[in-house]
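Student: okay, sequence plus prediction incoming.
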Amino acid sequence: MEPANLWWNAVNRPTRNSGQIGRAQATAGAGRHGTAEARRQPRISPATAPRTGLARALSKLGFCSRSQARELVATGRVRLNGGVVRDPERPVVLGRDHVDVDGQPVRTAAKVYLMLNKPRGLVTTAADERGRATVFCCFAGADLPFVAPAGRLDQASEGLLLFTNDTAWAAGITDPARHQDKVYHVQVDRVADEALCRALTTGVTVEGDQLAARWATVLRHGTRTSWLEIVLDEGRNRHIRRLLGALEVNVLRLVRVAIGPLPLGTLAKGAFRHLTAGEVRALAGLAR
């Protein structure tokens, strides 16, 4: 496991051409104005390195959630470069500044990518202010660094949910501009037909939001209920429930069965597993 400050050293490590660049800059400086090439040479320094707030930095390092980090900072358990800091927004340069929690240095955790078959009734958060059970109870006893959900499912929904401590990867997976397909199996309280499927793909406006499915089809039906397959390429809050509700259709069950190329498969309810390297790359490929 490498310390976070190795990033700063790697960025500033001399290259094979560094001596040539230095000589070229020295020669340019001898002239009245110097060359255009010398003027274009970027200078990487701590002053120009990207900064982030202290609480967010702890989250990006995979130590804890941002809300947990705010609490740690507020209670004086976090030191920045040797001094106690109580401002969660204090700027930090990852790889240069030294962050300690309870006297122990915080180092970048190994990247972890997980998929969970979320059971119904759990909320997708690290800590719920109302005391409800959360998806993190599914990881109890597992030897994992802090991970955060990459996307969400509401309390009544089930199925595929991703977790990671790789914030850049998670941002790509959840970016609404990527239009990544998510597939849901939805049980409704009526015998569905093609007319309902057409209405779902045509869409409706609900409280100013245009809600529509990219694809909808009937999987099967009984005498009173049906199962639909609904594909979304964007995800607004409670998108499917609000869309069906506007069409006067009630949702009985909602299960996410795939995200992009990744199917839920036979993963048991409440169980999780690590993604393979190929699965991580496949999902990242969709995020480009």
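Tutor: The structure has been received and is ready for your questions.
Student: alpha carbons only for contacts and neighbour counts from here, please
Tutor: Noted.
Student: what ranges does the stretch 101-250 of the chain have for its strands?
Tutor: Assigned by DSSP state E, counting those that start in this stretch, the stretch 101-250 of the chain shows strands spanning 104-105, 113-118, 148-149, 158-164, 182-188, 204-206, 209-211, 215-221, 226-232.
Student: among those, which is nearest residue 56?
Tutor: Nearest to residue 56 among these is strand 148-149 (12.7 Å), distances taken as CA to CA.
Student: quick check: residue 251 touching residue 188?
Tutor: Yes: applying CA atoms under 8 Å, one finds residue 251 in contact with residue 188, separated by 4.7 Å.
Student: coming back round to it: make JSON lines from the strands of the stretch 101-250 of the chain and add mean neighbour count, distance to residue 90 and mean pLDDT to it.
Tutor: Below are these laid out as JSON lines (neighbours: other CA atoms under 10 Å; distance: least, CA to CA, whole Å; pLDDT from 0 to 100):
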{"stretch": "strand 104-105", "mean neighbour count": "12", "distance to residue 90": "18", "mean pLDDT": "92"}
{"stretch": "strand 113-118", "mean neighbour count": "23", "distance to residue 90": "29", "mean pLDDT": "98"}
{"stretch": "strand 148-149", "mean neighbour count": "22", "distance to residue 90": "22", "mean pLDDT": "92"}
{"stretch": "strand 158-164", "mean neighbour count": "23", "distance to residue 90": "25", "mean pLDDT": "97"}
{"stretch": "strand 182-188", "mean neighbour count": "21", "distance to residue 90": "37", "mean pLDDT": "98"}
{"stretch": "strand 204-206", "mean neighbour count": "15", "distance to residue 90": "40", "mean pLDDT": "94"}
{"stretch": "strand 209-211", "mean neighbour count": "17", "distance to residue 90": "36", "mean pLDDT": "92"}
{"stretch": "strand 215-221", "mean neighbour count": "17", "distance to residue 90": "46", "mean pLDDT": "97"}
{"stretch": "strand 226-232", "mean neighbour count": "22", "distance to residue 90": "39", "mean pLDDT": "98"}
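Student: alright, calling it a day.
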